[in-house]
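>>> Any chance you could fold what I've pasted below:
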Amino acid sequence: LCRPIGIINTPFKEPAGTPIQPAAGKGVKGTVFVFPEYREGLRDLEGFSHIILLYHFHMNHKEMLMVTPYLDSRLRGVFATRAPVRPNHIGLSVVRLMAIEEGVLHIQDLDMVDGTPLLDIKPYVPEFDHRGNIRIGWLEKNVPRLPDTKSDDRFKKE
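Alright, predicted model coming up:
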């Protein structure tokens, strides 16, 4: 079972209108408040330019195995998407780490809703995380639409 280690603060108060990926949230600034009992774990993180945030999609209470993703109009399997209505409601974003001040991470290029519970932080290391010969399936023809696509209410609880 996961428990939050902090809270992510962003300018986005609701899912509708939020960028759908960090690349679409370029320049958007926010903070991560790490709870005091976990701050010792931040030691040595300041040397990294980017971090991976794992978090709980706290505003989504629906589970769907088939979804129409933001960048497409066809029904797709949820595990072939980044849709928030996953069985465990876990999100992942690679964000830029700007500074760390007394347990508060200043981040940029983000795509989360304000008040998002943080589950974990990992350093982004290109040699670990980047892969060659990548195929991106159905997204290949849709990725160019990313900068202009925002979240809407399609996954809102009814």
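>>> Now do the contacts for the residue nearest to residue 75 when sequence neighbours are not counted.
Leaving aside its sequence neighbours, residue 75 sits nearest to residue 66 (CB to CB, 6 or more residues apart in numbering; 5.1 Å). No exception for glycine: its C-beta is placed from N, CA and C like everyone else's. Applying CB atoms under 8 Å, 6 or more residues apart in numbering, we find residue 66 in contact with 75, 76, 77, 78.
>>> And residue 66, its phi and psi?
Dihedral angles phi and psi of residue 66 (degrees, to the nearest 10) take the values phi -120, psi 130.
>>> Farthest from the middle of the protein: give me that residue.
The outermost residue of the chain, judged against the average C-alpha position, is residue 133 (24.0 Å), by CA atoms, centre = their mean.
>>> That one is in what secondary structure piece?
Remark: residue 133 resides in no helix or strand, with elements defined by DSSP states H and E.
>>> What ranges in the chain fall below the confidence cut-off?
Regions of the chain meeting the criterion pLDDT under 70 cover residues 157-158.
>>> rerun that using 80 as the cut-off
Using pLDDT under 80 as the threshold, the predicted model of the chain has low-confidence ranges 134, 136, 139, 142, 144-149, 152-154, 156-158.
>>> Show me the strands in it, by range?
For the chain, strands defined by DSSP state E occupy the ranges 6-9, 29-34, 50-56, 66-67, 76-77, 90-101, 104-108, 116-123.
>>> Point out the most buried one among these.
A comparison of the strands of the chain by mean neighbour count, using mean count of other CB atoms under 10 Å, puts strand 6-9 on top with a mean of 22.
>>> Are there helices or strands packed against that strand, and which ones?
For strand 6-9, the elements it packs on are strand 29-34, strand 116-123, judged by 3 or more CB pairs under 8 Å, 6 or more residues apart in numbering; DSSP states H and E.
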